[in-house]
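Enquirer: Have a look; sequence and predicted model below, questions after that.
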Amino acid sequence: MYVSEVGVGGVLVNKPRIDGKLFDGRDLYYFDDQNSRLPEAREPDQREPDKRPQTAELRYDPLTAEWITVASHRQQRAFLPPQHSCPLCPTTKTNLSELPDQFDVAVFENKGPAFGPDLGQIEHPNGRPRFGFSTTAFGRCEVVVFSPEHEGSLAQMPVERVRTVIGAWMNRTKELYELEGVVQVFPLRTAARRLASPFTTRTARSTPTLL
Ligand SMILES: [Zn+2]
């Protein structure tokens with residue numbers, strides 16, 4: 001499949017997306033630059049197979065009329081890891097990261113998502129919702145990695161790379177909106193700041209309700 005056939009000015013902007021899987025079944029997508037020399041075949045994830053955490057919980061606050069997602073499994077997330085154990089740099093012999101091979105731009109499902117991995121329609125509270133109303137936090141969270149470099153910013157990247165990032169965004173936004181129950185797709189930067197350098201990643205969240 002092609003990420004986006006026509007870009008700004010009618011120019012073909014992206015190469016075919018390369019799809020893979022991570023050790024626990026999460027989706028992984030490689031988006032290569034148009035002038036990339038990376039191979040089409042990529043190494044598989046070398047980590048031992050494992051299960052994914054349960055889908056988080058959405059709690060409704062009737063005082064503020066807001067949904068709050070509660071995901072206890074996120075307590076085990078990586079927090080400011082040193083570069084030699086960075087989960088967003090390409091895998092090395094001593095660091096089996098979330099990216100099993102080299103890449104230009106990569107997207108993968110978040111290991112500890114605030115929404116998902118289960119998909120479905122949430123139950124909305126009727127009338128005056130009672131305190132303690134909760135339902136399943138259906139949806140999906142993905143991590144968008146702009147570069148294999150540990151540090152940097154989008155503004156410093158060549159135009160070719162920025163085009164690839166935009167193509168990846170277009171592709172993920174379109175496909176996330178096609179998932180069951182998803183009503184809102186939005187980018188978030190704060191989670192990426194905990195994981196790695198502040199400006200080379202974003203997370204894309206698709207949620208079952210407007211937040
Ligand atoms: Zn890194």
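Expert: Yep, that arrived. None of the values given here were measured: they were computed from a predicted structure. Numbers count the residues shown, from 1 in each chain.

Enquirer: ranges for the strands of the chain?
Expert: Using DSSP state E, the strands assigned to the chain run over residues 18-21, 27-31, 57-61, 66-70, 105-109, 134-136, 140-145, 184-188, 201-207.

Enquirer: possible to save those strands as CSV with distance to L99?
Expert: Any C-beta I mention is one placed from the backbone N, CA and C, and that applies to glycine too. Listed next are these as CSV, based on distance: least, Cβ to Cβ, whole Å:
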stretch, distance to L99
strand 18-21, 10
strand 27-31, 8
strand 57-61, 29
strand 66-70, 26
strand 105-109, 5
strand 134-136, 29
strand 140-145, 7
strand 184-188, 19
strand 201-207, 11
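
Enquirer: Show me what from this protein comes close to the ion.
Expert: Proximity of the chain to the ion (Cβ under 5 Å from the ion) is limited to residues 86, 88-89, 150, 196.

Enquirer: ok, back up a step: I'd like the strands of the chain laid out as a markdown table, including mean pLDDT and mean neighbour count.
Expert: Output for the strands of the chain, formatted as a markdown table (pLDDT from 0 to 100; neighbours: other Cβ atoms under 10 Å):
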| stretch | mean pLDDT | mean neighbour count |
| --- | --- | --- |
| strand 18-21 | 96 | 15 |
| strand 27-31 | 96 | 22 |
| strand 57-61 | 89 | 18 |
| strand 66-70 | 87 | 15 |
| strand 105-109 | 95 | 24 |
| strand 134-136 | 90 | 17 |
| strand 140-145 | 93 | 24 |
| strand 184-188 | 87 | 14 |
| strand 201-207 | 63 | 22 |
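
Enquirer: Can you find the helix or strand in this structure with the smallest mean pLDDT?
Expert: helix 190-195 (a mean of 44; mean pLDDT, DSSP states H and E).

Enquirer: in the chain, what spans have low per-residue confidence?
Expert: Applying pLDDT under 70 to the chain picks out residues 1-14, 73-80, 190-204, 206-211.

Enquirer: So which bits of the lengthiest helix in it are buried?
Expert: Longest helix of the chain, by residue count under DSSP state H: helix 159-177. The neighbour-count check on helix 159-177 (16 or more other Cβ atoms under 10 Å) flags 161, 163-169, 171-172, 175-176 as buried.

Enquirer: Most neighbours among the residues of the chain next to the ion, which one is it?
Expert: Highest neighbour count within the residues of the chain next to the ion: L88, with 23 neighbours (other Cβ atoms under 10 Å).
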